[in-house]
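**Student:** generate a structure from the sequence data that follows.
(chains A and B)
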Amino acid sequence: MAKNIAVIGDIESIKGFSAVGIDIYACKSNDDCGHILRKIADSGSYAIIFLTEEIFDSVEKERSRYEEKLTPAIIPIPSVKGNSGTGIKRLSSFVEQAVGSDIIFND
Amino acid sequence: MAIMNVNPTRMQLSKLKKQLTTAVRGHKMLKDKLDELMRQFLDLIRETRVLREKIEYELSECNSHFVNASAVMSKQALDASLMSQKQQLTIEVDSRNVMSVETPVFSQSTRTSDDGDIFPYGFAFTSFELDDAVMSLQKLVPDLIRLAQIEKSCELMSAEIEKTRRRVNSLEHVMIPRYKDTIKYISMKLEENDRSSRTRLMKVKDMLLDKAHNYSSH
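**Tutor:** Numbering: from 1, shown residues only, chains lettered A, B, ... in the order given. Below you'll find the model as predicted:
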């Protein structure tokens, strides 16, 4: 099934993505983001939703609904403000969940 | 010793023995599944880590290109250049079964036949920094899609590994010992019953012989 890609974040970080064919959803406040995320994730037309790291951290509740589903894949990307390490922390939490302790990222 | 609340009968005993074999077989299979899942997960997570570090680095490069572009162009001109979407990325979603975990497989296709057909603006009134920015982002798209695919797979697999590990542990440390203890309890109880009825019979025989012939077997 053909689906699209979306990116949610502050407009400065995401406007470039529209040039390469990714749908952009700009949001101003964090409440807004949760709302947008639910709306576009439930619409079922997106396979991948990228979130900027700040937003990724603020919509934890909304994200948890899609954790066990195949799509959409909700993935954090660094914003224009720089890399806060959310992405790597998320990976390390996967290792911790699977193995019991973080054996990959603790060096 | 934790035993189940069952009647110590032969029927229960054979039933429990069957359940124990099933539990042992299930435990072995789940353990094998866990080992294989773990192996694949660790491979995948290492790959994800490398890819993510690369993407985070390159995305910050991209962002700096965009900052450069916005420095030489007016905000309105920049926004207007990027506003109209020329290209549309679509993703074909497939799934791959890894040890009973459904993981996604994304393959990318674009609306126009030429992948490089990305610039939604004419080159006359825009700066070359913007071209750089858009081009570097375009190069990153396949990696971004790959990252999404493997990170989602990691997420799904880690949840499955946790679940499987709980099952393996509960079988290994709770269910199987309990079955074994209960089986032991029932067989001991049956033997005990057996012995007690045998001694009773011997005693009765003695009493009958004594009564009839004043004769004892001892």
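**Student:** now do the contacts for residue 65.
**Tutor:** Assuming you mean chain A. Applying CB atoms under 8 Å, 6 or more residues apart in numbering or on different chains to A:Arg65 gives the contacts A:Arg38, A:Ala41. Quick note: C-beta positions are derived from backbone N, CA and C, even for glycine.
**Student:** you answered for a different chain; I wanted chain B.
**Tutor:** B:Glu129, B:Asp132, B:Ala133, B:Ser136.
**Student:** and of those residues, the nearest to B:Leu44?
**Tutor:** B:Ser136 (26.6 Å; CB to CB).
**Student:** helix or strand for the closest residue in space to the closest one that isn't next to it in sequence, which one?
**Tutor:** Spatial nearest neighbour of B:Ser136, excluding adjacent residues (CB to CB, 6 or more residues apart in numbering or on different chains): B:Cys62 at 4.9 Å. Secondary structure from DSSP states H and E places B:Cys62 in helix B:10-72.
**Student:** the residue nearest to B:Ser136 contacts B:Ala133, doesn't it?
**Tutor:** Yes: if you go by CB atoms under 8 Å, B:Cys62 and B:Ala133 touch, sitting 6.2 Å apart.
**Student:** give me the common contacts of those two.
**Tutor:** What both B:Cys62 and B:Ala133 touch, as defined by CB under 8 Å, 6+ apart, is the set A:Gly16.
**Student:** which residue ranges of chain A form strands?
**Tutor:** Remark: strands assigned in chain A by DSSP state E are A:2-9, A:23-26, A:46-52, A:73-77.
**Student:** can you check chain B too?
**Tutor:** B:89-98, B:101-110.
**Student:** give the contact list for residue 73.
**Tutor:** Using chain A here. A:Ala47, A:Ile48, A:Ile49, B:Pro104, B:Phe106, B:Ala148, B:Gln149, B:Glu151, B:Lys152, B:Glu155.
**Student:** meant chain B actually
**Tutor:** Per CB under 8 Å, 6+ apart, neighbours of B:Met73: B:Ser81, B:Thr126, B:Ser127, B:Glu129, B:Leu130.
**Student:** please redo it, this time with the cut-off set to 10 Å
**Tutor:** By CB atoms under 10 Å, 6 or more residues apart in numbering or on different chains, the contact list for B:Met73 reads B:Asp79, B:Ala80, B:Ser81, B:Phe125, B:Thr126, B:Ser127, B:Glu129, B:Leu130.
**Student:** what of A:Ile36?
**Tutor:** A:Ile36 neighbours (CB under 10 Å, 6+ apart): A:Ala6, A:Ile8, A:Tyr25, A:Ala26, A:Cys27, A:Ile49, A:Leu51, A:Ile55, A:Val59, A:Glu62.
**Student:** list the buried residues of the helix or strand of chain A with the lowest mean pLDDT.
**Tutor:** Lowest by mean pLDDT, DSSP states H and E among the helices and strands of chain A is helix A:11-14, with a mean of 83. For helix A:11-14, the neighbour count (16 or more other CB atoms under 10 Å in any protein chain shown) marks A:Glu12, A:Ser13, A:Ile14 as buried.
**Student:** quick one: contacts for the second one?
**Tutor:** For A:Ser13, the residues meeting the contact criterion (CB under 10 Å, 6+ apart) are A:7, A:24, A:26, A:52-55, A:77-81, B:59, B:63, B:66.
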